[in-house]
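K.L.:
sequence plus the predicted model coming up.
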Amino acid sequence: NLGGPDSLEGVEKFLFNLFNDKAIISWPQPLRFFLAKLISKKRLQKAQGIYAKIGGKSPILKTTLAQADALERELSFAGNFKVFTAMRYSAPFALEVAKEVKKYDPTQVILLPLYPQFSGSTTGSSVQQFIDEFSFLQKKSDKEIDIKVVCCYPTELDFIKSHSLLIKQMLGQSYDNNIEKFSFLFSAHGLPQKMIDAGDPYVFHVNKTTEAIVKNLAEIFMIDEKKIDFKTCYQSKVGPLRWTAPSLDYEVR
C-alpha cells in the first residue's frame, strides 16, 4: 500500500519519500533529492494540518493490517498461506518485509497491490521496489522463488458492490433516498497529464470503476443508469504541471 505518517513529526519524511520516488518525479539524482526536499518542506504545514484533523497520523497502516489479517484467515481454508504487509513510503518498507518473507521461506510469492486501478506511479513503483529488494536477497540463496503479481482489478465485482453498498447505506440515512435527486462525485488521486499521455492506463481504469459502480447502482435501484448524475474528478495536484482533470476543488466550488 501507499503508506502514511505515523505522527505529525513524521509527515515531512513521508512527503520526502513520496516525491523522491523516480516514478513520481522523473528527474535524475541529485536533482530529484533536492526537489523532493523543497516540495516536502513547502507542503509540510498544510499536510500536518490535514493529518491533525484525522488524529495526527494516517490510518492506512492499521486498516491495511486488518485487511491482511482478514485475507490470511480467508486463505487458511485453501492451504498454507502467510500474508505480509509492505508500504511504499513509510514503514514497514519493502526491504524489511522482503527479509521476513525470505525467512518464512515460501514456495511462491504473490504480490497483491491495494491499488485497484493500475498506474506506474503506484502499483508499478511498489511492485518494482519489492522485486528489486527481494531479488537482491535471493542472490545469496540457491533456491528460486517464483513471484507473481496481481496487476489490477478496477471492475472486480465484489469491489464494485462494496462501493454500491456504502452509497446505498448513506442514501438510507437521508430524508429522501431517491437516488435520482443526488449528484455523485467520484474522486481519485490525480496524476500529471503527461503520464497519461505517455500511456499510463490509470484514468481509463478509474473511468471503468466509476461506470461499473453507476451500472451496479442502477441495477440495485432498478432505474436507467442514465438517470444517475455522476462525475469523475481528481485531487491532490502538485506543482505547475497540467494534471488529470476535472479537479475536485473546481467541482466542489
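P.N.:
Cool, got the structure.

K.L.:
which residues of this structure score low on pLDDT?
P.N.:
Residues of the chain meeting the criterion pLDDT under 70: 251-253.

K.L.:
do a quick rundown of the helices in it.
P.N.:
11-19, 31-52, 60-75, 94-104, 125-138, 157-172, 193-197, 202-221, 248-252 (DSSP state H).

K.L.:
using CSV, write out the CA atom coordinates for the third one.
P.N.:
As requested, the backbone C-alpha atoms of helix 60-75 are provided in CSV (Å, rounded to 0.1, in the frame of the first residue of the first chain):
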residue,chain,number,x,y,z
ILE,A,60,-3.7,3.4,6.4
LEU,A,61,-1.3,1.0,8.2
LYS,A,62,-3.9,0.0,10.8
THR,A,63,-6.6,-0.5,8.1
THR,A,64,-4.2,-2.4,5.9
LEU,A,65,-3.0,-4.7,8.7
ALA,A,66,-6.7,-5.5,9.4
GLN,A,67,-7.2,-6.4,5.7
ALA,A,68,-4.1,-8.6,5.8
ASP,A,69,-5.4,-10.5,8.8
ALA,A,70,-8.8,-11.0,7.2
LEU,A,71,-7.2,-12.2,4.0
GLU,A,72,-5.0,-14.6,5.8
ARG,A,73,-8.0,-16.1,7.7
GLU,A,74,-9.9,-16.5,4.4
LEU,A,75,-6.9,-18.1,2.6
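
K.L.:
how far away from the center of its chain is that helix?
P.N.:
A distance of 15 Å separates the centroid of the chain from that of helix 60-75, by Cα atoms, centre = their mean, to the nearest Å.

K.L.:
what are the contacting residues of it?
P.N.:
For helix 60-75, contacts defined as Cβ atoms under 8 Å, 6 or more residues apart in numbering pick out 1-4, 6, 81-85, 87, 90, 114. (Each C-beta comes from the backbone N, C-alpha and C, glycine too.)

K.L.:
of those, just say which sits nearest to residue 207.
P.N.:
When these are compared for distance to residue 207 (Cβ to Cβ), residue 114 wins out at 19.8 Å.

K.L.:
ok, the spatially most central residue of the chain - contacts?
P.N.:
Against the mean C-alpha coordinate of the chain, by Cα atoms, centre = their mean, the closest residue is residue 115 at 4.1 Å. Residue 115 is in contact with 2, 122-123, 126, 152, counting by Cβ under 8 Å, 6+ apart.

K.L.:
residue 231: which of the helices of the chain is closest?
P.N.:
Among the helices of the chain, the nearest to residue 231 by Cβ to Cβ is helix 248-252 (6.4 Å).

K.L.:
related to what we said a few turns ago, adding neighbour count and distance to residue 101, write the contacts of residue 115 out as JSON lines.
P.N.:
Shown next, in JSON lines, are the contacts of residue 115 (neighbours: other Cβ atoms under 10 Å; distance: Cβ to Cβ, whole Å):
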{"residue": "2", "neighbour count": "19", "distance to residue 101": "20"}
{"residue": "122", "neighbour count": "23", "distance to residue 101": "21"}
{"residue": "123", "neighbour count": "23", "distance to residue 101": "18"}
{"residue": "126", "neighbour count": "24", "distance to residue 101": "15"}
{"residue": "152", "neighbour count": "19", "distance to residue 101": "22"}
